[in-house]
Every structure is written in C-alpha cells, then in structure tokens.
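>>> Provided below are the primary sequence and the corresponding predicted coordinates.
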Amino acid sequence: MIRIQQIKVPVRHEKKDIEHKIRKLLHLKQTEALEFEIWKQSIDARRGREPSYVYTVDVDLQMKPEQEKKFVQKVHNKNMMLTQREKYTFPTRGTQKLQHRPVIAGSGPAGLFCAYLLASHGFQPLVIERGKMAERRKQDVERFWIDGCLDPSSNVQFGEGGAGTFSDGKLNTLVKDTAGRSRFVLETFVQHGADSHILYQNKPHIGTDRLISVVSSLREEIIRLGGAFCFETCLKEIIVEDGRLCGILAETAGQIRRIPAELLVLAIGHSARDTFEMLYRKGLPMEAKPFAVGFRVEHPQEMIDLHQYHGAGRDSLPAASYKVTASCTDGTGRQRGIYSFCMCPGGYVVNASSEKGMLAVNGMSYQKRDGKNANSAVILSVTPDDFPGGAGHPLNGVLFQRELEKRAYMLGKGRIPQQLYGDYKIGRISQAYGDFASQTKGACTFADLGQLLPAGMQEAFISGMEQFAGHLPGFDRYDAILSGIESRTSSPVRIVRDGQYQSIARGIYPCGEGAGYAGGIMSAAMDGMKVAEAIGKTYR
C-alpha cells in the first residue's frame, strides 16, 4: 500500500478533488483504477495563507509489493512511501483455568474495552458499576442540572461510560501506539455508532449526545458475547487470602453479597474516593501523585475562530480549538506549569459534582460543537507538597480536592461560582456578564473566586492568563468568565501494579485513569486493552 502525505485542498471540497490530486501525483489517467482511504485529516491555518485541509491517504493500486516499491521509486516524491498498517491482534491465550468469570469494577472506557476484549475471546466478564446505565444516567444528570438534586452514584462522574461521557468525547491521545490499539478503539466506536470521521480527524471527538448511544451499543455487544452487567452495584470490599484475590463484596440496593472471583480489574475512575479508602485499608500499595487544579475559562467562540483562522472566518471549517502552555512563579516563589486542558469548542461549563456539599466543574460539547462559547480548563500543576500532610499519606491528594470543592460549594451556595477575569484580578465580585454570557449546565452565581486556589497560586494563574494573551489576543480580556473549581483533571492516586499489570495482591489489576495509568478516553481504553491482554496471556 502507498501512503501519500501533504495533499492540500481548499476548505470547500469534495472527495473527487482529493482523487484528482492523487491521480496527478501518481501520473494516473482517469481510466486507470484507483482505490484510496483517508488516513488523516488536519487543517492548515498558518498565518499568511488561506486555510486549507491537508490529507494523508493510503492508496491501493492492486500491485504486488515489489511492483509498488518500483512504482514509488519511479515517482520519487518525498511525501510518498510504502506502508503496512499494524493490525491489532489479541495475544495467544494462556493455559491456566479460571473457576469464575473475571470481574471488572467500573464501566468507563478502561472497563468497557477490557470487558469487550475479554468477552470477544470467551472470558464472559462480569462488569459491576455503581452508577446507572447510560440512558438512565443521562436523565439523572439533566435533572441535577435543573434542580440541583445530586445522586452521588449517578452523575457526571459515575455511571456507564465514565466521566468522559459528559465531556466532549475527545479521542486524541499522546500515547505512542505501535500495536494498533488506538485504531482498534476508534474502529470499535465507529462500529457502535460514532461518525466514521473519527478514524482520520486530527483531533477526533464524538460529542456527549452521540457518545451515550455508542456506549449503550457497546454494552449490548458485550452481553451478546457472554458478558454481564450489574448496574447500581458498588464494590465494597476485596477478599484476599494468602496474597491472592478470592472474592469481592458488592452492594446493590442496600444488600451486600459476596461474589467469588479470582480476577478483579479495578477500572474505578478518578473520583471513586470511597473505593480508594477501602483499598488503602485492605493494604493495596498506592501513592499520591501530581495533578492540576484551576478554573474553567470561557471566551466567545467567534473570537477563537477569528484568531485561529486569521480572520478568514469559519465558513466550512469546524469550531476552532486552542492549546496554550506556560511556566510561571507563584506567590511563594515556586515554579508551576499552567496550561489549557480539555478544551471544548462551542461547549458548555457543567456542574460535575459527585459528593454532597462539594462542587467541581468540567467542560462539555455536543457533536456539532455549535455553542456560542469556547471553554477550557486553565489549570496549575500541583504536587504532593501542596497537599495537607504532603506525600505522607497516599490519599492526601483526595483531601486536597475535597477542601477545594467544599470551598467552591460554599462560595456558590451549591451553584457554580463565577467571576469575570478582570474582577478576579482586583478581588471584586462581578455584578453582570460583559459582552457575552456564560453557557452552563447547572445553576451559577457570581462569587469571589480569589478564595478558592491555595496561597500563592492566584498570582501564577494571572501570570499564565497574560502570557497566553501574547499568543491568543483577548485571552485575558476583562469579561472572560471564570468558573470554579476544576479539580478532577486526573486521579490524585496511583495504585501500584507490576509488569504483569497486577497489584501485590495477585489477581487484582489496577487499570485506567482512576488507578493513575491514563488520562482521557483513548489512553484509558487502551490501558483496559492492555489489562485484558495480560489476562489473556495467562488464562484460558
């Protein structure tokens, strides 16, 4: 197969325009057979030129490998090369016999893809999930955004699909992948209802509205393959004898039952704080890890589009995104990284709380990304040195998160506390929005966000915002809207595992973002696959 890079076409184009470019590069006549597949699509919006789409395509000329090699040598184009796609394969099955089906705690991307692979290869996994299935969870979340009545087990953080279901469905990852897992995840999403564009877009996303049905379809396939789900069922205890798992205690509707198990995949998500506490009591090695905290920051999407597309206007282009990073010194003299995270073009700021008396925010976009505002988390790095008690206890990061979320809840009296950036700098509670209003899911109110971040970090946040404005003019505009607190950027805990993906208690597999081994939908799904592979290499 021949791969051709850097095929540029106007923003307004059709597939035949791409084909015309390919034929010209390959010196193929219109009558000669040509089959091609788009491998990657990106946007070239560099300053000083009209925005355009740039494609990488894979071309099949129905030639033998040696003929393809000679053909590429003859054409002699630096953007043309031979390629062979890496097809994902599940490892050869092990030989050890299981007495009981594997149990997976959590149905976020790590748990779902672990279950999907295991079910596809005859392991018949049992997935337990403290929250509800996606359709019912959606109803609970929307009700909470309207009346503020929180269900601690069914919310933006907990339920089928995990926390990423109510975000933007972003599918980009920085994980290096030579085994084909990333492509496998994308193809699986497409098979279950996602738009096929995610297979080649540079920054693919599904959108919250579409992701719910995709997750539901994936669950139905796992059940068809022999797996099973128990929703509204919470992992309460692990039972370990002689250093090996022999069962778990799970609670459903107030009733505790024992489930025999030799294998438990802990795909519990980054907000399963009670489960972290239970695992610590049971002696599983874990450690506090760095993460980041800050605010959601909103700007008009039109402002972002005009800058990123250099005044060309959106026309047929998608809502523009951005990524900004800086390093600055806080009020105590410490160096901190500050950066944008989980940027949501045309999105909404959402109340993402999961514990009563506490408040956290996140960002969310629908598939069309057609909201009026852009928002992203602008967050500062924190380390165990910032936590109450430092690194002395593995759960001190959880205490740190809870303190921030309690403050946010009190500031907003249960509503999302907000402040205009200009008022934040001078310590004045805002009285009204400026040239644009906030787009939120959940009630909001103005408050003094200067009371939220730990000592010294406010100066670093302001310094970062002003540095970002040097790259994206208007980023520090007076009426940019801040919402707090963004505290669930990643897990504050890492549950230690070895090279076989197991804890010191054999048969327990810490997995995904909650266990500290992923950050986002794609990396979590891929980590779930790795754990399934580790099980497949040992057991039959």
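That came in fine, so what should we check first?
>>> for the helix or strand bottoming out on mean pLDDT in the chain, packing partners?
None of the helices or strands of the chain scores lower by mean pLDDT, DSSP states H and E than helix 65-75, at a mean of 88. Contacts defined by 3 or more C-beta pairs under 8 Å, 6 or more residues apart in numbering; DSSP states H and E place helix 65-75 against strand 2-10, strand 80-82. Backbone N, C-alpha and C define where each C-beta goes, glycine included.
>>> if we go to 6 Å?
strand 80-82 (3 or more C-beta pairs under 6 Å, 6 or more residues apart in numbering; DSSP states H and E).
>>> Give the pairing partners of the strand it packs on; include direction for each.
Strand pairing for strand 80-82, determined by DSSP bridges: strand 2-10 (antiparallel).
>>> Quick check: mean pLDDT of the partner strand?
Strand 2-10 shows a mean pLDDT of 95.
>>> Moving C-terminal from that strand, which element do we reach first?
helix 15-26 (DSSP states H and E).
>>> Next SSE downstream of that following helix?
Next helix or strand after helix 15-26 toward the C-terminus (DSSP H and E): strand 35-44.
>>> List the contacts of that following strand.
Strand 35-44 is contacted by residues 22, 52, 54, 55, 56, 57, 58, 59, 60, 200, 201, 202 when judged by C-beta atoms under 6 Å, 6 or more residues apart in numbering.
>>> got it, and stretch 441-457?
Against stretch 441-457 from outside (C-beta under 6 Å, 6+ apart): 145, 330-332, 348, 350-351, 380, 407, 411-412, 415-419, 424, 427, 429-430, 458, 482, 484-485.
>>> what helix or strand is residue 209 on?
helix 208-224.
>>> Pull out the CA atoms of that helix and give them to me as PDB.
Extracted in PDB, the C-alpha atoms of helix 208-224 (Å, rounded to 0.1, in the frame of the first residue of the first chain):
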ATOM      1  CA  THR A 208     -21.700  13.900  24.600                       C
ATOM      2  CA  ASP A 209     -25.000  13.500  22.700                       C
ATOM      3  CA  ARG A 210     -23.700  10.700  20.400                       C
ATOM      4  CA  LEU A 211     -21.400   9.100  23.000                       C
ATOM      5  CA  ILE A 212     -24.300   7.900  25.200                       C
ATOM      6  CA  SER A 213     -25.800   5.700  22.400                       C
ATOM      7  CA  VAL A 214     -22.300   4.400  21.400                       C
ATOM      8  CA  VAL A 215     -21.700   3.300  25.000                       C
ATOM      9  CA  SER A 216     -25.100   1.600  25.100                       C
ATOM     10  CA  SER A 217     -24.400  -0.300  21.900                       C
ATOM     11  CA  LEU A 218     -21.000  -1.400  23.200                       C
ATOM     12  CA  ARG A 219     -22.600  -2.800  26.300                       C
ATOM     13  CA  GLU A 220     -25.200  -4.700  24.300                       C
ATOM     14  CA  GLU A 221     -22.400  -6.300  22.300                       C
ATOM     15  CA  ILE A 222     -20.500  -7.400  25.400                       C
ATOM     16  CA  ILE A 223     -23.700  -9.000  26.700                       C
ATOM     17  CA  ARG A 224     -24.200 -10.700  23.300                       C
END
